[in-house]
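In: Sharing a model that was predicted from the sequence below.
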Amino acid sequence: MRVYKFQLKPNKEQENKLLKTLNLCRFTYNKLLEELNNQTKIDRNKIQHKIVELKKNFPELKTVHSKTLQYENYRLFANLKGLSKTKNKRKVGKLRFKGYKWFKTFVMNQTGYKLIKTNKHYDKLKISKIGLINIRQHRKIEGNIKGIIIKKKVISWEAHIITDAKYQIKKGIDEIGIDVGVLNFLHTSNNEIINNPLYMNKELDKLKIIHRKISGTKKGSNNRKKKINSLLKIWEVIDNQKKDFFHKVSTHLVNNSKFIAVEKLNIKSMTKNKKKNHFYNHRNILDSSWGMFLQMLKFKAESAGIEYVEVNPKNTSKMCCKCGKLQDMPTNIRLYKCNSCNNIIDRDYNASINILAKGKGLAFVGEEWLHSLMNQEAITSTPKVLGYV
């Protein structure tokens, strides 16, 4: 399946209908969850049949497409399945009822929608019981449409169009190791550097001001709601900036590679580490969102038929890429100077070469394989800095 995301531009009347649909879907979900909690033995068909009774007792539900309401039963059992998997790892509670404005999406699968080309700035998306909504279709859709997800964001609406087309992306010829960081977002074994934009860090002053304003308002007041909405808008912009940056970087790496090795990072434990330093504080680690980026990179690599390997990060920064000797490397030291072979190299570049070697299954890097990969002039050459910010 492939998903296309397009911006919707509903008018005021259509937006009210969309909000009403979200609220009725939330109402249906809560009623189905109530039926689930009352059952001693779970009967999925009986719970789905509850929708028919709800339509009789609450005629407003007839203003929502039938397939959309039926999907709430699927959503309920998908959440239940996810909860049961989580219980194996840690102690969790039970499914909760959804409060007002907690529902952000509703789904139309198989029927109830139609995409209409107009050859103008905006095309039209026909949604059953709501009408023709302006949609900005900025690229061509491949494959047959199988369903549409309507999503409410803080400052906009989105249509996620699901098709049966395969995600296609071209791969390259290089074999690379990738070392992610804070000062540089990543450094590859090809000596490419991509700077870290740290989008949240750039908006930190705005976030602090709004948080102070929120703390000075009364809980439940309209003024507080306005300030919270302003805060959410900033976070949405930051999230969009990150995703755009990750897509550009991951596509570049995939288009130039046939083998990718990365570190298998335990980001949660890294942010729990109480030891503070100037370079790797917890906020910057979270702002870098390595987990989101690596997940995106893995998906694109596998879609392109690239071998994607995760390696143990132990000693990748401490090991010399030429002789394999270990030495301590505090994070404030940015240049690796080997005490054994006098190799001088950027610490992130050194780590990326070690990551690639581990991905290829080498015990240490100082083998003939290293000499076929690069020579001394390549190691000491000026890195290529790529800009995607």
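Out: Arrived safely.

In: confidence score at residue 348?
Out: With respect to pLDDT, residue 348 scores 89.

In: Let me see the contact set for it.
Out: Applying CB atoms under 8 Å, 6 or more residues apart in numbering, we find residue 348 in contact with 179, 181, 184, 187, 193, 334. Backbone N, C-alpha and C define where each C-beta goes, glycine included.

In: Give me the mean pLDDT for the helix or strand encompassing the fifth one.
Out: So that's residue 193. Assigned by DSSP states H and E, residue 193 falls within strand 192-195. The average pLDDT within strand 192-195 is 91.

In: let's number from 14 now, not from 1
Out: Got it, the first residue is 14 from now on, which makes the last one we talked about strand 205-208.

In: Remind me what the helix or strand following that strand packs against, helices and strands.
Out: The helix or strand immediately downstream of strand 205-208 is helix 212-215, counting by DSSP H and E. Here helix 212-215 touches helix 235-268, helix 295-301, going by 3 or more CB pairs under 8 Å, 6 or more residues apart in numbering; DSSP states H and E.

In: Pull the helix or strand following helix 212-215 out as PDB, backbone CA atoms only.
Out: Once helix 212-215 ends, the next helix or strand along the chain (criterion: DSSP H and E) is helix 217-228. Taking C-alpha atoms only, helix 217-228 is exported to PDB below (Å, rounded to 0.1, in the frame of the first residue of the first chain):
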ATOM      1  CA  LEU A 217      12.700  27.500  22.100                       C
ATOM      2  CA  ASP A 218      12.200  31.100  23.000                       C
ATOM      3  CA  LYS A 219       8.700  31.200  21.500                       C
ATOM      4  CA  LEU A 220       7.800  28.000  23.400                       C
ATOM      5  CA  LYS A 221       9.100  29.400  26.700                       C
ATOM      6  CA  ILE A 222       7.000  32.600  26.200                       C
ATOM      7  CA  ILE A 223       3.800  30.700  25.400                       C
ATOM      8  CA  HIS A 224       4.300  28.300  28.300                       C
ATOM      9  CA  ARG A 225       4.700  31.200  30.700                       C
ATOM     10  CA  LYS A 226       1.500  32.800  29.300                       C
ATOM     11  CA  ILE A 227      -0.400  29.500  29.700                       C
ATOM     12  CA  SER A 228       0.700  29.200  33.300                       C
END
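
In: List the buried residues in stretch 139-154.
Out: By 16 or more other CB atoms under 10 Å, the buried positions in stretch 139-154 come out as 140, 143, 146-148, 150.

In: Could you dump the helices and strands packed on helix 212-215 into a markdown table and include mean neighbour count, mean pLDDT and distance to residue 98?
Out: A markdown table is the format used below for those (neighbours: other CB atoms under 10 Å; pLDDT from 0 to 100; distance: least, CB to CB, whole Å):
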| stretch | mean neighbour count | mean pLDDT | distance to residue 98 |
| --- | --- | --- | --- |
| helix 235-268 | 16 | 92 | 26 |
| helix 295-301 | 17 | 85 | 25 |
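
In: picking up where we left off before, determine which two of the buried residues of stretch 139-154 are furthest apart.
Out: Farthest pair in the buried residues of stretch 139-154 (CB to CB) is 143 and 150. Separation: 17.8 Å.

In: returning to what we had before: what lines up beside the strand holding residue 206 in the sheet?
Out: In the sheet, strand 205-208 lines up against strand 197-201 (antiparallel), strand 397-399 (parallel) (DSSP bridges).

In: CA atoms of it as PDB?
Out: C-alpha atoms of strand 205-208 as PDB (Å, rounded to 0.1, in the frame of the first residue of the first chain):
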ATOM      1  CA  GLU A 205      29.500  13.200   3.800                       C
ATOM      2  CA  ILE A 206      28.200  15.400   6.600                       C
ATOM      3  CA  ILE A 207      24.600  16.600   7.100                       C
ATOM      4  CA  ASN A 208      24.100  19.400   9.600                       C
END
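
In: closest one to residue 85 among the helices and strands packed on helix 212-215?
Out: Nearest to residue 85 among the helices and strands packed on helix 212-215 is helix 235-268; the distance by CB to CB comes to 24.8 Å.

In: and the direction of that closest one versus that of helix 217-228, what angle?
Out: On the basis of axes from the mean of the first three to the mean of the last three CA atoms, to 10 degrees, helix 235-268 is oriented at 150 degrees to helix 217-228.

In: contact partners of the very next helix or strand once past helix 235-268?
Out: Under the assignment DSSP H and E, the closest C-terminal helix or strand after helix 235-268 is strand 270-276. Strand 270-276 is contacted from outside by 184-193, 266-267, 307, 310, 314, 319-326, 329, 368-369, 371-373, using CB under 8 Å, 6+ apart.

In: now do stretch 155-163
Out: Outside stretch 155-163, the residues touching it (CB under 8 Å, 6+ apart) are 14-15, 21, 31, 34, 118-123, 126, 128, 138, 140, 170-179.

In: Using PDB, list the CA coordinates for it.
Out: Output of stretch 155-163 as PDB, limited to C-alpha atoms (Å, rounded to 0.1, in the frame of the first residue of the first chain):
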ATOM      1  CA  GLU A 155      -0.500   6.000  -8.800                       C
ATOM      2  CA  GLY A 156      -2.600   2.800  -8.400                       C
ATOM      3  CA  ASN A 157      -6.200   2.300  -7.400                       C
ATOM      4  CA  ILE A 158      -7.600   4.200  -4.400                       C
ATOM      5  CA  LYS A 159      -8.600   1.800  -1.600                       C
ATOM      6  CA  GLY A 160      -9.600   4.200   1.100                       C
ATOM      7  CA  ILE A 161      -9.200   7.700   2.500                       C
ATOM      8  CA  ILE A 162      -8.300   8.900   6.000                       C
ATOM      9  CA  ILE A 163      -9.500  12.400   6.900                       C
END
